[in-house]
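# how would this look folded up:
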Amino acid sequence: MLPRISILGAGHSGCALAVDLHARGFDVLLHAHPCHRRQLDAIEHAGLLRADGLCSATCRPATTTSLQRALEHADRLLITLPAYAHEELITSLACHDLRRHTLVCITGNFFALAARHRLDAQAIVETSTSPFSCRANGHTVYIKGRKAMMYAAALGTLGLQQRQAVEALFPQPLVWLPSVLANSLSCVTGVMHPTPVLMNAGRIESTGGDFHFYREGMTAGVARVMASVDTERLLIADSLGVTLSPALDLMNDYYRQSFGSLAEFARESVEHNSRKSAPASLTHRYLMQDVPYVLAPWRALARRMGVATPTIDAVIQLTAQANRIALASGSRTLRRLGLHSLEPQQLRALARGEDIACVRESPGRTTCEAVAV
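Below you'll find the model as predicted:
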């Protein structure tokens, strides 16, 4: 019998992983929310899912909009939804018995912390990025590049067999970080996306995104601001006692390159310049996902740890003003992540890979102890 996998999310990464996993011998089921089934309809109408670009292949995954069927199909679930869809998924999953399931979220963006008190899953794992640089359109997914490695972390401790079962899902090796908090601080979409969107806002709105987002949008001046965001991210990690790689090093590791600056990476990266890929509007996920679900929790951690983040603060404020929205209403706050009552030393313990056992004593009162796992 073929090993089974259910993929929750039929977007860019979900479609690319479906083709890849099928090629590597998995029985793949692709799930989409009933209100977001456009990709499934295209696949079902064509009778296949096609990959072009880096690899050329076709497959016919099983498709469904039934979460129950996806859970029955496989014990391993790959979650490839955008971060703004995580809350609805967590609410839906909370209605099911997940004690035999391992959940793997791509890309993490604090998913594990948001879900840890609500889901009874056997294990929850996050990755720091998607295994592919890709774009899905209809029943075709164009794969621009494949990461050479990815960071990952688990909520709690994974046994050897559990870890190997997760690693088998990916075509590249996983490098395990000490905690999901460290992993979510390694999701550098917050460095790579929001700043160049804001600094190219006029061009995006006047052309509908008709330019190369990386080569033309990330000029030297833009890259310097991106580097400032990254410096603040590393300061937050340092305050938590975690040493993380700069965004440039991560991008070089992902694509086996040795670029000397973010501007050089943006200008010379073949994978990122094979298509224009600029957002068509300021409501693109590069802002509406990467600001409230990446930059906002980074800033919240910074404030708790006493770290100044003037550049991140500016990006968040400009995003809210550009789109006339109150980002706080939908952002991942420390309260929503279950971290609001933790003192700095407890956050450091969590970042080092220790779990936080929270015991509710009475309404509105919680005590927490750091315990090794």
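
# When you work out contacts or count neighbours from here on, use the C-alpha atoms and nothing else.
OK.

# Listing request: residues of the protein with sub-threshold pLDDT.
Residue ranges of the chain with pLDDT under 70: 328-329, 355-373.

# what's the distance between the residue nearest in space to the middle of it and Asn183?
Nearest to the geometric centre of the chain sits Thr107, at 2.0 Å (CA atoms, centre = their mean). Separation of Thr107 from Asn183 (CA to CA, to the nearest Å): 10 Å.

# what's the overlap in contacts for these two?
126-128 (CA atoms under 8 Å, 6 or more residues apart in numbering).

# So Tyr286 is in contact with His193, correct?
Yes: Tyr286 lies in contact with His193 (CA atoms under 8 Å); the separation is 5.3 Å.

# which SS state does the residue nearest to the centre of the chain fall under?
Here Thr107 is recorded as coil under DSSP: H, G, I helix; E, B strand; the rest coil.

# And it, how close does it get to Gln164?
With distances taken as CA to CA, Thr107 is found 19 Å from Gln164.

# Where do the helices of the stretch 201-350 of the chain begin and end?
For the stretch 201-350 of the chain, applying DSSP state H, counting those that start in this stretch gives helices covering 201-207, 220-239, 247-255, 262-268, 270-273, 285-288, 296-305, 310-323, 344-351.

# mind listing what's buried in stretch 69-81?
For stretch 69-81, the neighbour count (16 or more other CA atoms under 10 Å) marks 70-71, 73-81 as buried.

# and of these, the nearest to His272?
Thr80 (20.3 Å; CA to CA).

# That closest one: what's it in contact with?
7-11, 13-14, 105-107.

# swap in Leu174?
Leu174 neighbours (CA under 8 Å, 6+ apart): 149-152, 167.

# same check, this time on Lys276
Taking CA under 8 Å, 6+ apart, one finds 210-214 in contact with Lys276.

# Ok, Met150 next?
Met150 neighbours (CA under 8 Å, 6+ apart): 127-131, 172-175, 254.

# now do Leu240
305, 344, 347-348, 351-352.

# okay if I get these as JSON lines plus neighbour count?
Formatted as JSON lines, the entries for those read as follows, by neighbours: other CA atoms under 10 Å:
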{"residue": "Met305", "neighbour count": "20"}
{"residue": "Pro344", "neighbour count": "15"}
{"residue": "Leu347", "neighbour count": "24"}
{"residue": "Arg348", "neighbour count": "21"}
{"residue": "Ala351", "neighbour count": "22"}
{"residue": "Arg352", "neighbour count": "19"}
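
# of those residues, closest to Leu89?
Using CA to CA, these come closest to Leu89 at Ala351, 25.1 Å.

# check contacts around that closest one.
178-182, 240-242.

# Please list only the buried members of those.
Buried by 16+ other CA under 10 Å: 178-182, 240-242, out of the contacts of Ala351.

# Looking at the residues you listed, spot the one nearest Asp20.
Proximity of the buried ones among the contacts of Ala351 to Asp20 (CA to CA) peaks at Val180, which lies at 25.5 Å.

# now the strands for this protein?
4-8, 27-31, 49-53, 57-59, 62-64, 76-79, 102-105, 123-127, 132-137, 140-146, 150-154, 174-176, 355-362, 365-371 (DSSP state E).

# could I get the ones you listed as a markdown table with distance to Thr91?
Listed next are those as a markdown table, based on distance: least, CA to CA, whole Å:
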| stretch | distance to Thr91 |
| --- | --- |
| strand 4-8 | 14 |
| strand 27-31 | 16 |
| strand 49-53 | 29 |
| strand 57-59 | 31 |
| strand 62-64 | 19 |
| strand 76-79 | 14 |
| strand 102-105 | 14 |
| strand 123-127 | 15 |
| strand 132-137 | 27 |
| strand 140-146 | 29 |
| strand 150-154 | 20 |
| strand 174-176 | 28 |
| strand 355-362 | 21 |
| strand 365-371 | 23 |
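
# if we compare those strands, which one ends up closest to Ser277?
strand 132-137 (9.0 Å).

# ok, that closest one: who's next to it in the sheet?
When pairs are called by DSSP bridges, strand 132-137 turns out to pair with strand 140-146 (antiparallel).

# Show residues contacting the partner strand.
Contacts for strand 140-146 (CA under 8 Å, 6+ apart): 12, 15-16, 49-55, 131-136, 254-255, 271-272, 274.

# ok, now with 6 Å
With contacts defined as CA atoms under 6 Å, 6 or more residues apart in numbering, strand 140-146 is touched by 49-54, 131-135, 271.

# ok and it relative to strand 49-53, angle-wise?
Angle, strand 140-146 to strand 49-53, by axes from the mean of the first three to the mean of the last three CA atoms, to 10 degrees: 40 degrees.

# Report the distance from strand 140-146 to the chain centre.
17 Å (CA atoms, centre = their mean, to the nearest Å).

# Also compute the angle for that strand relative to helix 247-255, please.
110 degrees.

# Would you mind writing the CA trace of strand 140-146 as CSV?
What follows is strand 140-146 as a C-alpha-only set of coordinates in CSV (Å, rounded to 0.1, in the frame of the first residue of the first chain):
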residue,chain,number,x,y,z
THR,A,140,-1.1,23.9,-13.8
VAL,A,141,1.6,24.8,-11.2
TYR,A,142,4.8,26.5,-12.5
ILE,A,143,7.7,25.5,-10.3
LYS,A,144,10.4,28.2,-10.5
GLY,A,145,12.8,26.7,-8.0
ARG,A,146,13.3,24.1,-5.2
